[in-house]
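Engineer: one predicted model, sequence on top.
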Amino acid sequence: MSTDKQIFARRESEARSYCRDFDTVFTKAVGSEMTDEAGTTYIDFLAGCSSLNYGHNDPDMKEALIGHLQGDGIAHGLDMYTAEKAKWLEAYEDIILKPRGMDDYKIMMTGPTGTNAVEAAMKLARKITGRRNIVSFTNAFHGMTMGALSLTGNAGKRGGAGCGSLCGVTHLPYDGAFGDDVDTLGIIEKMLSNTSSGIDKPAAFIFEPIQGEGGLNAASQEWIEGIAHLAREHGAMIIVDDIQSGCGRSGTYFAFEGMDIQPDFVTQAKSLSGFGLPFACLLIKGEHDIWKPAEHNGTFRGNTHAFVTGRVTLEKFWKDDTFQTKVQEKAVQLTAGLQAVADEIPGAKLKGRGMMQGVDVGSGELAEDICHRCFEKGLIIETSGADDEVVKVLVALTVSPENLRKGLDILLEATREATKNHKIAAE
Ligand SMILES: *Cc1c(COP(=O)(O)O)cnc(C)c1O
């Protein structure tokens, strides 16, 4: 069967995006492989933008979900008490929170997308502090609804708001934003302590430990701890947006593990369900949970199917260190593979950390050429960064060593071809 792709151009909004780069009709996916209707199989180095950290159609999640459906389990129950919600909460408490010394966090079920968890955090921080201003950082991405978009750096994305007001935010430089020699933490400290800097006392600081869309900038432990300290000093809340960098992507469950920081709020979404089902939540330090019933409401809060698959992710992958150790080993293999890619391009730099790494190839044009060639060779991979200059790997954490190797080989070959081509074009 061959789908007439005209239907998409004819009927689907121009806002569609990824399908333009990966212009084929997909029918099946297993693990780190996606197959289109022509029968071509692609290695997936995008993994639903980190929504599929455990790969496509994990057999245990699938089995649990089918069992739930077959048994007429609840599909939608607003935010009523369900057996599946209880089981997910218990698993999250036992497997994630308690072993990490985070027993004092409450879990708020927000609307099912990451941006809704961000909105909830913004509202609560403003409500608690009675302040309006929120500090976010250069190259940040926090979602597309009006509040979250006001925190986002990218001009193109901000432009989507039309003439909507994206106010109440101060954008300050992220770690390394002015190069390695400029201490942005020191600058921010001075700006905040100077009562004539023009910056209103912030309700919160919000940051991604690793900037997913903004070019895989990974903040140092020192910077993150410094920002946390600064927030405390100024009576501001700390919001860690771990939507893309969380659920094991960085090499640990949370990207800030092992750091001396106690966030007031942590946003989670993307791989929380583990199966690609929409599910987001906000972790709230207990003392801040001042919501009145239904004050941040929503029809779809706590997707019951996602509770089923999400619980499997916790029990299958996070009960001990085995999976985490394997992920960290794969990250070493990934770094080596990307170093080989970077060695092909003068001035190229490795970015990110853990299983959230990429190569800054210096120009968006080259990065896009590389990704395009990869797709032709059977690899799905995307760019990131202000000018799309970073070739970014977000392969599933469960990828087999063979598929990781194969994907990296394709990437290297595509890079060689693209750089040769760009040299010729430049001459
Ligand atoms: C994807 C993402 C969001 C928004 O999540 P959606 O589910 O797309 O609304 C917010 N913050 C970060 C860091 C993200 O990567």
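Structural biologist: In hand now; what should we look at? The structure displayed is predicted, hence computed values, not measured ones. Residues are numbered from 1 along each chain as shown.

Engineer: for the helix or strand where Gln328 lies, packing partners?
Structural biologist: For Gln328, the enclosing helix or strand under DSSP states H and E is helix 322-342. Under the contact criterion of 3 or more Cβ pairs under 8 Å, 6 or more residues apart in numbering; DSSP states H and E, the helices and strands touching helix 322-342 comprise strand 349-353, strand 356-360, strand 390-393, helix 401-426. Quick note: C-beta positions are derived from backbone N, CA and C, even for glycine.

Engineer: can you do 6 Å?
Structural biologist: Using 3 or more Cβ pairs under 6 Å, 6 or more residues apart in numbering; DSSP states H and E as the contact criterion, the elements in contact with helix 322-342 are strand 356-360, helix 401-426.

Engineer: what's the most buried one of those?
Structural biologist: strand 356-360 (a mean of 26; mean count of other Cβ atoms under 10 Å).

Engineer: is the ligand contacted by it?
Structural biologist: No - applying Cβ under 6 Å from any ligand atom, one finds that strand 356-360 is not in contact with the ligand, the shortest distance being 10.2 Å.

Engineer: please look at Asn217 and Pro209 and confirm they touch.
Structural biologist: No - under the criterion of Cβ atoms under 6 Å, Asn217 makes no contact with Pro209, lying 10.0 Å away.

Engineer: looking at these two, which one has more neighbours?
Structural biologist: Pro209 (28 against 24; other Cβ atoms under 10 Å).

Engineer: residues in contact with the more buried one?
Structural biologist: Listed by Cβ atoms under 6 Å, 6 or more residues apart in numbering, the contact partners of Pro209 are 245, 255-256.

Engineer: could I get the average pLDDT for the helix holding Gln328?
Structural biologist: Within the predicted structure, the mean pLDDT of helix 322-342 is 98.

Engineer: next helix or strand past the worst-scoring helix or strand of the chain on mean pLDDT?
Structural biologist: Least confident helix or strand of the chain, by mean pLDDT, DSSP states H and E, is helix 155-159 with a mean of 90. Secondary structure here is assigned by DSSP H and E; on that basis, the next helix or strand after helix 155-159 toward the C-terminus is strand 169-172.

Engineer: sorry, back to before: contact partners of the helix holding Gln328?
Structural biologist: Contacting residues not belonging to helix 322-342 are listed as 248, 251, 317, 348, 350, 354-355, 357, 359, 397, 408, 411-412, 415 [Cβ under 6 Å, 6+ apart].

Engineer: want to throw those into a markdown table with distance to Thr41?
Structural biologist: Compiled in a markdown table, the contacts of helix 322-342 are given as follows (distance: Cβ to Cβ, whole Å):
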| residue | distance to Thr41 |
| --- | --- |
| Gly248 | 25 |
| Gly251 | 28 |
| Phe317 | 25 |
| Ala348 | 29 |
| Leu350 | 28 |
| Gly354 | 26 |
| Met355 | 22 |
| Gln357 | 24 |
| Val359 | 25 |
| Leu397 | 20 |
| Leu408 | 17 |
| Leu411 | 17 |
| Leu412 | 20 |
| Thr415 | 22 |
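
Engineer: for the residue nearest the centre of the chain, helix, strand, or coil?
Structural biologist: With the centre of the chain defined as its mean C-alpha position, the nearest residue by Cα atoms, centre = their mean is Gln244, 1.3 Å away. Using DSSP: H, G, I helix; E, B strand; the rest coil, the secondary structure recorded for Gln244 is coil.

Engineer: spatially nearest residue to it, not counting backbone neighbours?
Structural biologist: Distance criterion Cβ to Cβ, 6 or more residues apart in numbering; nearest residue to Gln244, sequence neighbours excluded, is Gly212 at 3.5 Å.

Engineer: go through the helices and strands packed on helix 322-342 and find the least confident stretch.
Structural biologist: helix 401-426 (a mean of 93).

Engineer: can you map out the strands along the stretch 151-300 of the chain?
Structural biologist: Assigned by DSSP state E, counting those that start in this stretch, the strands in the stretch 151-300 of the chain fall at 169-172, 204-207, 237-241, 265-268, 281-285.

Engineer: skip ahead from the last one and say which helix or strand is next.
Structural biologist: In the C-terminal direction, the helix or strand that comes right after strand 281-285 (DSSP H and E) is helix 304-317.

Engineer: which helices and strands sit right next to that following helix?
Structural biologist: Secondary-structure packing of helix 304-317 (3+ Cβ pairs under 6 Å, 6+ apart): helix 59-70, helix 83-91.

Engineer: list the contacts for the closest residue to the ligand within the chain?
Structural biologist: Nearest residue of the chain to the ligand: Gly114, at 2.3 Å (Cβ to the nearest ligand atom). With contact taken as Cβ under 6 Å, 6+ apart, Gly114 is in contact with 143, 243, 269, 280.

Engineer: from Gly186, how far off is it?
Structural biologist: In this view, Gly114 and Gly186 are 31 Å apart by Cβ to Cβ, to the nearest Å.

Engineer: do Phe207 as well
Structural biologist: For Phe207, the distance to Gly186 - Cβ to Cβ - is 17 Å.

Engineer: perfect, that will be all.
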